[in-house]
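>>> Just a sequence and a predicted model for now, questions to come.
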Amino acid sequence: MKKAQTWVAAGTVALGLVWAGAAIDRLLRTRRLATAVTLAAAGAYLLGTFAPRARIFGQSAEPSHTNGLFALTFDDGPDPRYTREISRILSQRGHQGTFFVLARAVRTYPNVAASVLAAGHELACHGDDHRLLAFSSPREIRRQISVAENAVAESSGSSLAPLFRAPHGVRSPWLTRVVRNAGYQVCAWDGAVFDTAAPRPEVVARRVERLLRPGAIVLLHDGDGSGRMASRQNTLEALPAILDAAERRGLRSVGLGALLESKPPRVRATTDASHT
């Protein structure tokens, strides 16, 4: 389901709850008691659906340790125009990234996906086709994960990291349970960068800089989930300044899987002091 359709459908559910409460009040003459209860339920439903950090539909994964470490994550790739170069810059500077890939993009650019793993980064699951999953059945959610697993296995002979990020962070009441049963953790992010709106690179860097702290999970994009191949050049050009800001704070980006582990990961030394 697309974004606008999901908003309309979720809004319809919320309004239906409130209407039902009002109808109960009229029937039982309870002076808007049921309306108040269903209004709160409707708000909770919308918050659980559209707020990635909300715990109403299950808690997202949280870092277990934050000593000088954070995670740069990239959604919607791979894209040969940006993913390889982002991967290269990260590796050259001694950082690691987590790439939440779409199965359809991996099938189209298998060598790019394999190159990310070869550079020491992490591939995680973003589903197959970037559809919003608020009204998808458990079977469809499992299919989205399975298709991504198969695409990565065929492209690289490797497995996905057991991390799942729903497109746009949109969830259903059952999504977290289904994802966990499939062996994955649901992953959200901190703050909002909105690099897909194509602000200038310095704006992207400034927005990320405000989020930088130990344990932060930063969301950026190396691909276009719509399939229209929109540019992510602004994100690519912002990356060196983002890494500069992180290093000034004594922070190092590691794979999100490592950040979530109970045992602190080993931090790679910077391989290129010149940052070229």
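Structure received. Residues are numbered from 1 along each chain as shown.
>>> show me where the protein has helices.
Counting by DSSP state H, the chain has helices at residues 3-28, 33-50, 83-92, 103-108, 110-118, 138-156, 175-181, 201-211, 233-248, 256-260.
>>> Who are the packing partners of the first one?
Think helix 3-28. Helices and strands touching helix 3-28, by 3 or more Cβ pairs under 8 Å, 6 or more residues apart in numbering; DSSP states H and E, are helix 33-50. In short, each C-beta sits where N, CA and C put it, glycine included.
>>> buried residues in the helix it packs on?
Using 16 or more other Cβ atoms under 10 Å as the burial criterion, the residues of helix 33-50 that qualify are Ala34, Thr35, Val37, Thr38, Leu39, Ala42, Tyr45, Leu46, Gly48, Thr49, Phe50.
>>> Between these, which sits nearest Ser87?
Phe50 (30.7 Å; Cβ to Cβ).
>>> now the buried residues of helix 33-50 in TSV, with distance to Ile217?
Converted to TSV, these look like this (distance: Cβ to Cβ, whole Å):
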residue	distance to Ile217
Ala34	39
Thr35	38
Val37	35
Thr38	34
Leu39	32
Ala42	29
Tyr45	25
Leu46	23
Gly48	19
Thr49	20
Phe50	18
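>>> Nearest to Ala134 among these?
Of all those, Thr49 has the smallest distance to Ala134: 5.3 Å, by Cβ to Cβ.
>>> and the gap between the closest residue to Ala153 other than its chain neighbours and Ala188?
Distance criterion Cβ to Cβ, 6 or more residues apart in numbering; nearest residue to Ala153, sequence neighbours excluded, is Ser159 at 6.7 Å. Ser159 is 22 Å from Ala188, where distance means Cβ to Cβ, to the nearest Å.
>>> Looking at these two, which one has more neighbours?
Ala188 (18 against 11; other Cβ atoms under 10 Å).
>>> So the residue nearest to Ala153 sits against Ala151, correct?
No: at 11.5 Å, Ser159 does not count as touching Ala151 under the criterion of Cβ atoms under 8 Å.
>>> Can you pull out the low-pLDDT segments for this protein?
65, 262-276 (pLDDT under 70).
>>> Select the longest strand from this protein.
Ranked by residue count under DSSP state E, the longest strand found in the chain is strand 69-75.
>>> so what does that one touch, helix or strand wise?
Packing partners of strand 69-75 (3+ Cβ pairs under 8 Å, 6+ apart): helix 83-92, strand 97-101, strand 217-221, helix 233-248, strand 252-253, helix 256-260.
>>> That'll do, ta.
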